[in-house]
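Visitor: need coordinates for the below:
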Amino acid sequence: MRTLTSSRAALLLALALIACNEAPHDDVLAPLSPTDDTELASSPVATLPASADFNRSLVELRRATARYHDINAAIADGFVFLHACEQRPGEGAVGIVYVHPARLDGILDPSQPEALLYEPGNNGQLKLVGAELVIPLSVWTEENPPEFLGAQFQPEEEFGVFGLHVWIWRHNPNGMFAPGNPRVSCEIDS
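Guide: Numbering: from 1, shown residues only. Coordinates of the predicted model:
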């Protein structure tokens with residue numbers, strides 16, 4: 001009988017979860033690699049994960065956010081509107097942000113993301129495109145900004161937080177952790 005290595009088991013688990021949690025629209029899921037800057041192949045995972053820990057964290061974040069493709073589920077769980085879709089010159093859109101105020105506790109946990117990123121869609125429907133991990137500036141005592149999976153959080157002074165966008169539901173050619181996503185649009189479809 002053949003046994004699976006932990007990284008092979010994590011990859012199989014990731015593929016199974018991705019297949020089960022595919023977005024309810026025709027978007028392709030982002031790859032499980034922090035440095036992939038190529039277009040996705042026909043498979044939801046264009047590259048192998050960087051490591052089992054990296055893969056597990058992203059699978060957990062996807063699992064934790066999959067139900068929020070329905071904005072009503074997000075609102076029922078305590079997420080509230082923070083700001084409208086924002087287009088950043090040269091970076092792409094950030095999307096519409098919903099934040100969970102009770103999760104702004106300084107604890108970094110991919111199973112409890114602090115914010116969700118949505119793209120406006122047809123007839124006012126919102127499409128989940130990513131999540132944002134957030135740590136309040138007031139609780140961070142280290143000299144350098146926090147990091148998640150090797151990606152450094154960006155200060156968002158206007159909100160008093162460090163934030164890190166994770167494009168887990170929409171591929172980002174600028175990278176999974178880029179501030180904006182050129183494949184996300186702020187245009188409202190009618």
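Visitor: can you give me phi and psi for T65?
Guide: Backbone geometry at T65, expressed as degrees, to the nearest 10, gives phi -110, psi -10.
Visitor: state the number of residues packed around it.
Guide: Neighbour count of T65, defined by other Cβ atoms under 10 Å: 22. All C-beta spots, glycine's among them, are computed from the backbone N, C-alpha and C.
Visitor: need the next SSE after the top strand by length along the chain, C-terminal direction.
Guide: Looking across the chain with DSSP state E, the single longest strand is strand 126-136. Once strand 126-136 ends, the next helix or strand along the chain (criterion: DSSP states H and E) is strand 147-148.
Visitor: can you list the neighbours in contact with the helix or strand just after that next one?
Guide: Sequence order places strand 151-152 as the next helix or strand after strand 147-148, per DSSP H and E. By Cβ atoms under 8 Å, 6 or more residues apart in numbering, the residues outside strand 151-152 that reach it are 34, 144-146, 164, 176-177.
Visitor: can you pick out the most distant pair from these?
Guide: Farthest pair in the contacts of strand 151-152 (Cβ to Cβ) is N144 and M176. Separation: 20.4 Å.
Visitor: so for these two, which residue has more residues nearby?
Guide: Higher neighbour count among N144 and M176: M176, with 23 against 8, using other Cβ under 10 Å.
Visitor: which SS class is that one?
Guide: Classification of M176 by DSSP: H, G, I helix; E, B strand; the rest coil places it in coil.
Visitor: list the helices and strands the longest strand of the chain packs on?
Guide: Other helices and strands packing on strand 126-136, by 3 or more Cβ pairs under 8 Å, 6 or more residues apart in numbering; DSSP states H and E, are helix 52-65, strand 96-99, strand 115-120, strand 161-166.
Visitor: tilt between that strand and strand 161-166?
Guide: Taking axes from the mean of the first three to the mean of the last three Cα atoms, to 10 degrees, one finds strand 126-136 and strand 161-166 inclined to each other by 140 degrees.
Visitor: could you dump strand 126-136 to CSV, C-alpha only?
Guide: Taking C-alpha atoms only, strand 126-136 is exported to CSV below (Å, rounded to 0.1, in the frame of the first residue of the first chain):
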residue,chain,number,x,y,z
LEU,A,126,-21.5,41.2,-6.1
LYS,A,127,-18.8,38.7,-7.1
LEU,A,128,-16.4,37.6,-4.4
VAL,A,129,-12.8,38.0,-5.8
GLY,A,130,-10.6,38.0,-2.7
ALA,A,131,-10.1,38.4,1.0
GLU,A,132,-8.2,40.9,3.0
LEU,A,133,-6.2,40.1,6.2
VAL,A,134,-6.1,43.1,8.5
ILE,A,135,-4.1,44.0,11.6
PRO,A,136,-4.8,47.4,13.4
